[in-house]
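K.L.:
My questions concern the predicted model and sequence given below.
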Amino acid sequence: MRILVRNVLLVALLSGILFFLLEGSVRLLAPQQARMEMLDGESLAVKDSVLGHRLRPGAVGVDHAIEFTARYAINEQGLRDDVVYDAHKREGRTRFLLLGDSFTFGVGSDYEHIWPVLVERTLAARGRRVGLVKAGVPAFDTRLEVLYLKQMFAQTTPNAVILTFLPNDLFTNIPLRDDGEGADLAQQVVFSANEKNETLHVVTLLQRLLMNSDRLYSFLYRVTPRRQYFEVPPTAELQSRLATTSSLLREAARFCREQGVPLVVLSIPQQFQVLVEGRGYRYEGLDMHYIDRELGRLAAQEGFRWISTLDILASTYREKHEDLYYRFDGHLNERGNRVVAEYFADQLDLVVQAWRDATHVH
């Protein structure tokens with residue numbers, strides 16, 4: 001018995017030493033730690049009594065992630081934008097107020113490579129004088145975007161409004177309140193100076209290696225609660241979440257109608273959806289287009305545009321088989337930003353022309 005215990009302890013000791021050596025080697029040769037470096041020593045975001053958090057004016061930070069390094073600079077208006085917008089001066093431009101989460105903010109990419117900037121440049125090359133007020137805030141959802149819309153509209157007086165939607169919004173959205181209550185339920189995101197991800201490097205590396213396989217990535221996603229975003233028939237939970245999100249979108253549409261401006265919703269899929277559709281995988285009980293179809297019907301009923309980018313991203317991945325997202329981080333990479341920008345610029349061009357025709361502006 002003593003020999004058995006001694007052998008078990010010896011094996012445990014040797015395993016611990018090997019793991020320690022492996023962890024040290026990965027840290028030295030292929031570090032897997034992410035870090036937010038705030039160049040002014042403060043934070044990227046600050047707490048807000050209504051929104052939960054908002055971007056801090058004047059903040060400058062460098063996101064040292066495992067798959068990228070990106071610099072974020074926030075202007076005096078609290079936007080990741082190189083323009084400060086005057087409510088009364090548009091300089092002959094059609095102005096869009098663009099609201100969204102980290103995919104709109106552009107996590108993972110330098111400013112010149114994010115899709116809102118690329119949309120502006122694409123349309124400018126076509127002779128369209130268009131400006132996008134880039135009001136994307138990491139960790140926002142539809143509810144917070146509607147509240148932010150009501151705050152930002154008077155400050156920017158846009159000709160049209162764009163909301164960016166992702167499936168994960170469904171599971172953070174709660175019924176709308178604009179009296180400050182419920183802000184405690186919002187995600188409190190305050191990116192502090194030198195904030196680090198302390199996960200073991202060897203564990204992170206193993207996760208990344210597994211996620212490089214499309215099939216393994218799809219399998220790992222399907223064993224998480226997120227699979228219910230796409231289950232058909234929908235679960236009772238998904239139906240409830242869709243009802244809440246539909247109510248929020250109706251409120252956004254109502255607000256825009258009262259202001260006399262059109263509403264456009266840009267739907268960006270999860271990486272999982274693009275991999276499944278791009279590779280032609282078929283999983284019983286899962287439908288990658290279900291949410292877009294349901295909310296697209298709502299858009300038709302409420303009179304706003306629903307623009308899905310799932311098909312264009314999936315077809316691009318199918319044809320080129322180049323990642324459009326950072327595989328581990330999950331945000332759009334530079335290629336993904338370009339694909340979204342090119343497609344959305346075409347769609348927005350139609351919106352601009354329709355607005356010009358309706359207002360007789362040429």
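P.N.:
Okay, I see it.
K.L.:
contacts and neighbour counts: CA atoms only from here.
P.N.:
Fine.
K.L.:
now the strands for the stretch 51-200 of the chain?
P.N.:
In the stretch 51-200 of the chain, the segments counted as strands under DSSP state E, counting those that start in this stretch are 52-55, 60-64, 69-73, 94-100, 130-136, 160-165, 195-196.
K.L.:
List just the one of those strands that sits closest to Phe230.
P.N.:
Smallest distance to Phe230 across these (Cα to Cα): 15.1 Å, for strand 160-165.
K.L.:
What pairs with that closest one, parallel or antiparallel?
P.N.:
strand 94-100 (parallel), strand 263-267 (parallel) (DSSP bridges).
K.L.:
Dump those into JSON lines; add mean neighbour count and mean pLDDT as well.
P.N.:
Formatted as JSON lines, the strands paired with strand 160-165 follow (neighbours: other Cα atoms under 10 Å; pLDDT from 0 to 100):
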{"stretch": "strand 94-100", "mean neighbour count": "24", "mean pLDDT": "96"}
{"stretch": "strand 263-267", "mean neighbour count": "23", "mean pLDDT": "98"}
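K.L.:
For Ala236, find the nearest of those.
P.N.:
Of those, nearest to Ala236 by Cα to Cα is strand 263-267, at 22.7 Å.
K.L.:
Contacts for the closest one, please.
P.N.:
160-166, 252-253, 256, 292, 304-310 (Cα atoms under 8 Å, 6 or more residues apart in numbering).
K.L.:
and stretch 37-47, which residues are buried?
P.N.:
Glu37, Met38, Leu39, Glu42, Ser43, Leu44, Ala45, Val46, Lys47 (16 or more other Cα atoms under 10 Å).
K.L.:
same thing with stretch 291-301?
P.N.:
Ile291, Asp292, Leu295, Gly296, Leu298, Ala299.
K.L.:
likewise stretch 100-117?
P.N.:
Neighbour-count burial for stretch 100-117, counted by 16+ other Cα under 10 Å, picks out 100-111, 113-117.
K.L.:
Return the subset of those lying in helices.
P.N.:
Ser102, Phe103, Thr104, Phe105, Trp115, Pro116, Val117 (DSSP state H).
K.L.:
Quick check: of those residues, which lies closest to Pro138?
P.N.:
Once Cα to Cα is applied, the member of these that ends up nearest Pro138 is Ser102, at 3.9 Å.
K.L.:
I figured the closest one hits Pro138, correct?
P.N.:
Yes. Counting by Cα atoms under 8 Å, Pro138 is a contact partner of Ser102 at 3.9 Å.
K.L.:
From Ser218, how far out is the residue lying closest to Glu231 once chain neighbours are set aside?
P.N.:
Leaving out its chain neighbours, the residue that sits closest to Glu231 by Cα to Cα, 6 or more residues apart in numbering is Leu286, at 4.6 Å. According to Cα to Cα, to the nearest Å, Leu286 stands 12 Å off from Ser218.
K.L.:
Am I right that Gln239 falls within a helix?
P.N.:
Yes. With DSSP: H, G, I helix; E, B strand; the rest coil as the criterion, Gln239 is assigned to a helix.
K.L.:
and the host helix or strand of Ser246, what does it pack onto?
P.N.:
Ser246 is located in helix 236-259, with elements delineated by DSSP states H and E. Judged by 3 or more Cα pairs under 8 Å, 6 or more residues apart in numbering; DSSP states H and E, helix 236-259 is in contact with helix 142-156, strand 263-267, helix 290-302.
K.L.:
other SSEs contacting the last one?
P.N.:
What it means is helix 290-302. helix 236-259, strand 305-308.
K.L.:
and the nearest residue to Arg71 once chain neighbours are set aside, what are its bridge partners?
P.N.:
Residue nearest to Arg71 in three dimensions, not counting chain neighbours: Val62, with 4.4 Å by Cα to Cα, 6+ apart. Counting by DSSP bridges, Val62 is bridged to Glu37, Arg71.
K.L.:
Would you agree Val62 is in contact with Tyr72?
P.N.:
Yes. When contacts are counted by Cα under 8 Å, Val62 is listed as touching Tyr72 (6.1 Å).
K.L.:
how about CSV for the buried residues of stretch 37-47, with secondary structure added?
P.N.:
Formatted as CSV, the buried residues of stretch 37-47 follow (three-state DSSP):
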residue, secondary structure
Glu37, strand
Met38, strand
Leu39, coil
Glu42, coil
Ser43, strand
Leu44, coil
Ala45, strand
Val46, strand
Lys47, strand
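K.L.:
where does the stretch 251-362 of the chain have low pLDDT?
P.N.:
Counting by pLDDT under 70, the stretch 251-362 of the chain contains low-confidence residues at 355-362.
K.L.:
centroid residue for this structure?
P.N.:
Phe103 (2.8 Å; Cα atoms, centre = their mean).
K.L.:
which SS state does Phe272 fall under?
P.N.:
helix.
K.L.:
Give me the phi and psi for the residue nearest to it when sequence neighbours are not counted.
P.N.:
Excluding the flanking residues, the one nearest Phe272 by Cα to Cα, 6+ apart is Ser218, at 6.2 Å. Torsion angles at Ser218 (phi, psi; degrees, to the nearest 10) stand at phi -60, psi -40.
K.L.:
Model confidence for Ser218, exactly?
P.N.:
Looking at Ser218, its pLDDT stands at 94.
K.L.:
Appreciated, that's everything.
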